[in-house]
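Enquirer: How does the following fold in three dimensions:
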Amino acid sequence: MTSVGGNGQKRFDIEKTVDVVIVGGGPGGALAAREFARGGVKTLVVDRRQEIGAPKRCAEGISNDGLLESGVQPHPAWTSGRITGAVLYSPSGKIVTVDDETAVGWVVERKVFEKHLGKDAIEAGAQYMVKTHIDQVLMDGARAVGVTGDFMGKSVKINAKLVVGADGIDSLIGRKAGLRGSVQKMRDFHSAAQYEMAGVKCDMTRLHLYFGGDVAPLGYVWIFPKAAGLANVGVGILTSKSKHGHRAIDYLDRFIAKHPEMFEKASPLEVNASGIPVSAGIRRFWGDGLMLVGDAAQQVNPIHGGGISLAMRAGVIAGQVGSKAIKEGDVSAERLSEYGRVWDEVHGKELARLYKFRMFMEELTDKDMERMADLVTIDVIVDLTYARFRSFAKLMLTKMPTMVPLLAKYLMAPGKKFEMEALEA
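Expert: Purely as a prediction, here's the structure:
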């Protein structure tokens, strides 16, 4: 319990001083901790959970490239399902199969995966404090200088040269430190529900994604296989477009009931529900003595909401930039803006283009999607995953010219003529 001393200042049961405190021990926080520790600065990770990795709040999918780009080697302890492709289903059930190296990856056992990442960070020199609930960011004027909270019933104060918020959607760290735009906008927030189910019958080597207004309004249903007969089955929807007030779990239950060929003998072993950010990141995710990483900075793919590999990559960049800044004795917003510049080049610009494509897709009808399912090829889909719109635009111009106004509205810069080159500007 916090007490007040004779000089009116609060006294804490525990007080620590570190170079950097990272709030949140998920993939982004763990990779940031690893890099900070490797950079030779005193690093502390605090997490409100009593067990790193639980509960899970995602479908647990990650590409092989996403792991390797962050310096993480696949490990049999947490790689449950090997994925070699994806199958996309139109509203009427038309199938588009994507077998390409971009779809190769894993469905991980996240409860083990996050512990593995934490182990790497600790072995690099970081320290962890679990079951630590942070309630305030300490500020010296406009500069973050630490955090306070509760550690297993004891008040704790952590002084730090740099505070990293890796604390998820609607980051408390971002809000308390006054970063504008850190609160999630409702149009960029999907509601999700998921079962981990045993007894599922489907192709266990591919991801399965189902689209349509009746299936998941402005979202999709997913089946992510983990092992023989075991899969994450979930749905994400834009709640404002839900019909008759249906919740995400209502759409999920209805989908399962309509597909007895896959789920007749299946039962849930675990239930998960969460929000999924589908923005392209906030404009500024750093400040004086402050950085945000992962969902806290809304660093997610706005098309499918995937964020594990993006959070890990952001953590690596933040850790490398931040550790150098600490050693230089300069953690000003100007110095830390290098994090934003590097992120923008690595992923930020691509995510901004994908966000525009999401706006385009949200205006399509089920009939439009049916027509596209007949036309798109694997090469076009691969281009779209990298925010390269040239081949898609060419296809629309020649086969679906009615799409031109939408293409011009969302995929063209204002004032530019409708030219193919502009689609990749």
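Enquirer: quick one, phi/psi of Arg284?
Expert: Here is the backbone geometry of Arg284 (degrees, to the nearest 10): phi -130, psi 120.
Enquirer: Give me the mean pLDDT for the longest helix along the chain.
Expert: Counting residues, the longest helix found in the chain (DSSP state H) is helix 308-328. Helix 308-328 shows a mean pLDDT of 97.
Enquirer: buried ones in it?
Expert: By neighbour count on 16 or more other Cβ atoms under 10 Å, the buried set for helix 308-328 is 308-323, 325-326. Using the backbone N, CA and C atoms, a C-beta is placed for each residue, glycine as well.
Enquirer: the helices in this protein, which residues?
Expert: Under DSSP H, the chain gives helices at 27-38, 64-69, 110-124, 172-176, 248-257, 260-263, 308-328, 333-343, 349-361, 366-375, 378-385, 390-399, 404-411.
Enquirer: which secondary structure elements does the third one contact?
Expert: Using 3 or more Cβ pairs under 8 Å, 6 or more residues apart in numbering; DSSP states H and E as the contact criterion, the secondary-structure elements in contact with helix 110-124 are helix 27-38, strand 43-46, strand 127-129.
Enquirer: For it, which outside residues touch it?
Expert: For helix 110-124, the external contacting residues (Cβ atoms under 8 Å, 6 or more residues apart in numbering) are 25-27, 30-31, 33-34, 37-38, 43, 45, 51-54, 56, 58, 60, 72, 75, 77-78, 128, 312.
Enquirer: that older thread, need the winner for burial among the helices of the chain.
Expert: Highest mean neighbour count among the helices of the chain (mean count of other Cβ atoms under 10 Å): helix 27-38, with a mean of 30.
Enquirer: mind putting the helices of the chain in CSV, distance to Gln298 included?
Expert: Shown next, in CSV, are those (distance: least, Cβ to Cβ, whole Å):
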stretch, distance to Gln298
helix 27-38, 12
helix 64-69, 18
helix 110-124, 20
helix 172-176, 10
helix 248-257, 20
helix 260-263, 33
helix 308-328, 10
helix 333-343, 12
helix 349-361, 9
helix 366-375, 26
helix 378-385, 19
helix 390-399, 25
helix 404-411, 19
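Enquirer: closest to Gly275 out of the ones you listed?
Expert: Gly275 sits nearest to helix 248-257 of all the helices of the chain, at 9.8 Å, using Cβ to Cβ.
Enquirer: Can you give the contact residues for that closest one?
Expert: Here helix 248-257 makes contact (Cβ under 8 Å, 6+ apart) with 191-195, 210, 215-216, 221, 233-237, 239, 242, 263, 266, 273.
Enquirer: check contacts around the residue nearest to Ala192 when sequence neighbours are not counted.
Expert: Spatially, and ignoring its direct neighbours in sequence, Ala192 is nearest to Gly236 (4.3 Å; Cβ to Cβ, 6 or more residues apart in numbering). By Cβ under 8 Å, 6+ apart, the contact set of Gly236 is His190, Ser191, Ala192, Ala216, Gly219, Tyr220, Trp222, Ala248, Ile276, Gly305.
Enquirer: Highest neighbour count among these?
Expert: The residue in those with the most neighbours, by other Cβ atoms under 10 Å, is Gly219 (28 neighbours).
Enquirer: I'd guessed it sits against Thr239; true?
Expert: No - counting by Cβ atoms under 8 Å, Thr239 is not a contact partner of Gly219; they are 9.7 Å apart.
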